[in-house]
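Visitor: predicted model and sequence follow; I will ask about them next.
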Amino acid sequence: MSEPLDVAATRNAYDTVAADYEELLRDELAQKPIDRAVLGAFAEYVVASGGGEVADLGCGPGRVTAYLADLGLDVFGVDLSPGMVGVARAAHPELRFDVGTMASLDIPDASLAGVVAWYSIIHTPPERQAGIFAEFARVLRPGGWLLLAFQVGDEVVHLQRAYGHEIDLHTRRQSPERIRELLEGAGLAEFARTVREPVAPEKSAQAYVLAVSLHA
């Protein structure tokens with residue numbers, strides 16, 4: 001099956017910006033206490049449910065992967081962009097990073113204690129998101145935890161310049177209620193939701209959804 005054009009465009013965009021993206025966002029979490037609190041809550045729930053491997057899907061340069069590792073999680077990263085994976089490996093050589101796609105993960109069924117998709121569902125067209133969530137559900141063990149982060153809204157933003165580079169990338173804002181329905185359809189129950197107002201240079205509210213796998 002041929003790869004969707006938007007997937008190739010997303011890969012190319014992130015390959016282009018990888019080094020500058022890592023440098024510009026390296027310390028971003030230090031300025032965002034709510035983001036850190038959400039990641040901390042996710043880590044606590046994973047540990048309380050017995051621990052195990054966690055996948056940071058769409059990990060980019062690995063800053064969230066590294067933060068979760070510092071919280072004590074056994075975490076690895078996966079990203080569509082070989083450029084981002086190369087930057088992540090250089091920045092965090094003690095951690096594992098793989099090139100892969102969220103639509104077809106090279107991860108065994110029911111093997112993960114947790115999945116994080118931190119602003120990584122935002123490039124997938126709505127008609128393919130159900131398949132992404134089904135793949136998250138497949139790799140999570142029963143009672144495993146999923147954490148999503150995304151921008152709130154219904155707009156599609158076409159980025160033509162970002163991080164100092166000319167690119168061609170579409171970012172889709174999301175309805176939290178629609179995401180909840182898609183999660184339920186995949187056997188993932190929303191457990192908690194947090195929405196905060198934008199912090200410059202953000203243009204929209206930011207949502208964080210914690211869900212748990214109901215699969216037996």
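Guide: Nice, I can see it.
Visitor: show me where this protein has its helices.
Guide: Here the chain has its helices, by DSSP state H, at 5-25, 33-48, 63-70, 82-91, 126-139, 176-185.
Visitor: restricting to C-alpha, output the first one in PDB.
Guide: Coordinates of the C-alpha atoms in helix 5-25 are reproduced here as PDB (Å, rounded to 0.1, in the frame of the first residue of the first chain):
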ATOM      1  CA  LEU A   5       1.000  12.100   0.700                       C
ATOM      2  CA  ASP A   6       0.400  13.900   4.000                       C
ATOM      3  CA  VAL A   7       2.600  11.400   5.800                       C
ATOM      4  CA  ALA A   8       5.500  12.000   3.400                       C
ATOM      5  CA  ALA A   9       5.000  15.700   3.800                       C
ATOM      6  CA  THR A  10       5.100  15.500   7.600                       C
ATOM      7  CA  ARG A  11       8.300  13.400   7.500                       C
ATOM      8  CA  ASN A  12       9.900  15.800   5.100                       C
ATOM      9  CA  ALA A  13       9.000  18.900   7.200                       C
ATOM     10  CA  TYR A  14      10.300  17.400  10.400                       C
ATOM     11  CA  ASP A  15      13.500  16.200   8.700                       C
ATOM     12  CA  THR A  16      14.100  19.700   7.600                       C
ATOM     13  CA  VAL A  17      13.600  21.400  11.000                       C
ATOM     14  CA  ALA A  18      14.900  18.700  13.300                       C
ATOM     15  CA  ALA A  19      18.200  20.300  14.500                       C
ATOM     16  CA  ASP A  20      16.700  23.800  15.000                       C
ATOM     17  CA  TYR A  21      13.500  22.300  16.600                       C
ATOM     18  CA  GLU A  22      15.600  20.500  19.200                       C
ATOM     19  CA  GLU A  23      17.600  23.600  20.000                       C
ATOM     20  CA  LEU A  24      14.600  25.900  20.200                       C
ATOM     21  CA  LEU A  25      12.300  23.600  22.300                       C
END
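Visitor: what angle do it and helix 126-139 make?
Guide: Going by axes from the mean of the first three to the mean of the last three C-alpha atoms, to 10 degrees, helix 5-25 is angled at 70 degrees with respect to helix 126-139.
Visitor: same question for the fourth one.
Guide: The directions of helix 82-91 and helix 126-139 differ by 40 degrees, with the same axes, to 10 degrees as the criterion.
Visitor: which strands or helices does helix 82-91 pack on?
Guide: Under the contact criterion of 3 or more C-beta pairs under 8 Å, 6 or more residues apart in numbering; DSSP states H and E, helix 82-91 touches helix 5-25, helix 63-70, strand 74-79, strand 97-99. C-beta: built from backbone N, CA, C; applies to glycine.
Visitor: residue closest to the middle of the chain?
Guide: Compute the mean C-alpha point of the chain, and by C-alpha atoms, centre = their mean the closest residue is Ala117, 2.0 Å away.
Visitor: which residues touch that one?
Guide: Shown in contact with Ala117 (C-beta atoms under 8 Å, 6 or more residues apart in numbering): 57-58, 102, 136, 146-149.
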